[in-house]
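Asker: sequence plus predicted model, see below.
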Amino acid sequence: MFYQFSSYKFILYFPFIADGISMVGEDFRKLTPAQLDDVLPRLQVLARSSPEDKHMLVQRLNGGLMPTTEEQWLEVHPGKDYATQKDKLLPGHMDEWALSRRGGVGEVVGVTGDGTNDGPALKAADVGLSMGISGTDVAKNASDIVIMDDNFSSIVKAVLWGRSVFDNIRKFLQFQLTVNVVALTITFLSAVCGYKPPLNAVMMLWVNLIMDTMGALALGTEPPTTDLLDRRPYKRDASLINRPMWRNILVQATYQLGLLVFLLKEAPVMFGCGDGTRHHFTIIFNAFVFCQVFNEFNAREIGDVFDPFKKLGTSPMFVVVIVFTIIAQWFIVEYGGDFTQTYPLSFEEWEITFMLGAMSIPVGYLMRLIPIDEDPESFAGIGDSMPKKKPTSPVGMLSLLIPLAAGLYQFYKEADGEGLI
């Protein structure tokens, strides 16, 4: 939520409120802290307010610079009785404020201002924004961000990029946790079943590079989209990993684990290689890496929208990382030799492991059909938590059909070669 100050008005903007209210400063000052808490969720305009009103409103929202001791409270209310009035006069007291909120957590407040009298409110806010051209030195020193061109649209860009960074961190975590779960579990299961670990130290190092460095570069540099502005802001104590992310992590990890366990048991028969040999483990390694390559496309969306290849032209770093990963994987498998303990694969083996990895894309579509929504309590304000879900784009549907068609073609070719059809 952002606040715009001028000499005579104070504007609050809540885009999701249908029945907002307005108030003048004279009525505002008559409220008790508890009464103001009831009004705050729908307060949109506070007119004819003093600088003290603005400061107290910000304090009540986020608890910033709230009086915590009797001495601090008496500085704000000289001549008043602390024992009987500390919970009756604005802005209240820190102990009372914390008890009125879940876990003592308030709203994340952004304040804009340009005048000297805006300094206290800018200081109390979580993010204070002042004007670089028309703003006073006091306002600039009290703020966290200075808008150099005095253009309010710059605030929208700042919010857009802030939300984009937050979502990109979530995308990376979704991708990284999936790799962690699968790599650790397959190593544990192979040890329990009496196999050597299918992923040796060098293979694990390469997987860690894909998971950490490559994943961070690919998913952390995704550009923002205006759709990010359609949702309500998150509360400051909202979980970094939400319910849809856990769904995506668990479904993808289940598919990948099932695939690797299947290859651990059946690959020697399917590919005519020795059980537990370097050839066998290279096939498992290759299929596992391609699962991560294609799951990286799935990780570009943490919600229910399925469009893994959307706007790739605006994400050049993502494309570069994917291409580099595939080329490096080819060199590691074909020329790693004794260093990586890999075995050169035939074109057909590359084709099959690539296709098995590509099946992560259809799995990404199916997992989004599981109806799991974000916790409404993780959002601040009033209104719909998230914008309406968009239908799957034609490109997204095409990305779903290509691996399925490739799989059917491969099955037909193998069956035809064995004389089954």
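Answerer: Arrived safely, thanks for sending. Numbering: from 1, shown residues only.

Asker: hey, let's count contacts and neighbours off CA atoms from now on
Answerer: Will do.

Asker: which stretches of this protein have low pLDDT?
Answerer: 1-18, 102-104, 381-421 (pLDDT under 70).

Asker: outline the domain layout of it.
Answerer: Using automatic domain parsing, the domain parsing of the chain gives 2-151, 165-417.

Asker: the ones you listed: which one's closest to residue 159?
Answerer: Taking C-alpha to C-alpha, domain 165-417 is the member of these nearest to residue 159, at 8.1 Å.

Asker: what distance separates that closest one from the centre of its chain?
Answerer: 17 Å (C-alpha atoms, centre = their mean, to the nearest Å).

Asker: how many neighbours does residue 213 have?
Answerer: Neighbourhood size, residue 213 [other C-alpha atoms under 10 Å]: 11.

Asker: still on that earlier bit, out of the domains of the chain, which gets nearest to residue 157?
Answerer: Nearest of these (C-alpha to C-alpha): domain 165-417, 9.4 Å.

Asker: so what does the longest helix seen in the chain touch, helix or strand wise?
Answerer: Longest helix in the chain, counting residues (DSSP state H): helix 153-192. Contact partners of helix 153-192 among helices and strands, from 3 or more C-alpha pairs under 8 Å, 6 or more residues apart in numbering; DSSP states H and E: helix 215-220, helix 243-271, helix 278-298.

Asker: still on that earlier bit, redo the domains of the chain as a markdown table? Include distance to residue 157.
Answerer: Shown next, in a markdown table, are these (distance: least, C-alpha to C-alpha, whole Å):
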| stretch | distance to residue 157 |
| --- | --- |
| domain 2-151 | 11 |
| domain 165-417 | 9 |
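
Asker: coming back round to it: tilt between the longest helix of the chain and helix 278-298?
Answerer: 160 degrees (axes from the mean of the first three to the mean of the last three C-alpha atoms, to 10 degrees).

Asker: the strands in this protein, which residues?
Answerer: Per DSSP state E, the chain carries strands over the ranges 2-5, 9-13, 21-24, 43-47, 110-113, 127-131, 145-147.

Asker: now residue 251: how far from residue 183?
Answerer: 15 Å (C-alpha to C-alpha, to the nearest Å).

Asker: ok so, going back, just send the strands of the chain back as CSV, with distance to residue 66 too.
Answerer: Shown next, in CSV, are the strands of the chain (distance: least, C-alpha to C-alpha, whole Å):
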stretch, distance to residue 66
strand 2-5, 19
strand 9-13, 20
strand 21-24, 23
strand 43-47, 20
strand 110-113, 17
strand 127-131, 16
strand 145-147, 22
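
Asker: mind putting these into TSV with distance to residue 208 and mean neighbour count?
Answerer: Conversion of the strands of the chain to TSV gives the following (distance: least, C-alpha to C-alpha, whole Å; neighbours: other C-alpha atoms under 10 Å):
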stretch	distance to residue 208	mean neighbour count
strand 2-5	41	19
strand 9-13	44	17
strand 21-24	53	14
strand 43-47	49	19
strand 110-113	38	25
strand 127-131	36	24
strand 145-147	37	19
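
Asker: work out the gap between the longest helix of the chain and the centre of the chain.
Answerer: 7 Å.

Asker: hmm, residue 337 is touching residue 345, no?
Answerer: No - the pair residue 337 and residue 345 fails to qualify as a contact (C-alpha atoms under 8 Å) at a distance of 11.8 Å.

Asker: thought residue 180 was touching residue 250, still the case?
Answerer: No - with contact defined as C-alpha under 8 Å, residue 250 and residue 180 do not form a contacting pair (11.4 Å).

Asker: those two - which one has more neighbours?
Answerer: Set residue 250 next to residue 180 and count neighbours by other C-alpha under 10 Å: residue 250 wins out with 18 against 14.

Asker: what about the closest residue to residue 350 other than its chain neighbours, how many residues nearby?
Answerer: Distance criterion C-alpha to C-alpha, 6 or more residues apart in numbering; nearest residue to residue 350, sequence neighbours excluded, is residue 286 at 7.9 Å. The tally of other residues near residue 286 (other C-alpha under 10 Å) stands at 24.

Asker: do residue 336 as well
Answerer: Neighbour tally, residue 336, other C-alpha under 10 Å: 16.

Asker: same question, residue 70
Answerer: 13.

Asker: show me the contacts for it.
Answerer: Residues counted as contacts of residue 70 (C-alpha atoms under 8 Å, 6 or more residues apart in numbering) are residue 82.

Asker: and the gap between it and residue 86?
Answerer: 9 Å.

Asker: can you pull out the helices in the stretch 251-400 of the chain?
Answerer: All helices of the stretch 251-400 of the chain, identified by DSSP state H, counting those that start in this stretch, fall at 278-298, 316-335, 337-340, 347-358, 360-367, 394-417.

Asker: most tightly surrounded among these?
Answerer: Most buried of the helices of the stretch 251-400 of the chain, by mean neighbour count (mean count of other C-alpha atoms under 10 Å): helix 278-298, with a mean of 24.

Asker: returning to that earlier point: dump the helices and strands packed on helix 153-192 into TSV; add distance to residue 310 as well.
Answerer: Below are these laid out as TSV (distance: least, C-alpha to C-alpha, whole Å):
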stretch	distance to residue 310
helix 215-220	13
helix 243-271	18
helix 278-298	9
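
Asker: between those helices, which gets nearest to residue 27?
Answerer: Of all the helices and strands packed on helix 153-192, helix 243-271 comes closest under C-alpha to C-alpha, at 42.1 Å.

Asker: what inclination does that closest one have with respect to helix 153-192?
Answerer: Going by the same axes, to 10 degrees, helix 243-271 makes 40 degrees with helix 153-192.

Asker: now helix 243-271: buried residues?
Answerer: 243-253, 255-257, 259-261, 263-264, 267-268 (16 or more other C-alpha atoms under 10 Å).

Asker: who are the packing partners of it?
Answerer: helix 153-192, helix 278-298, helix 360-367.
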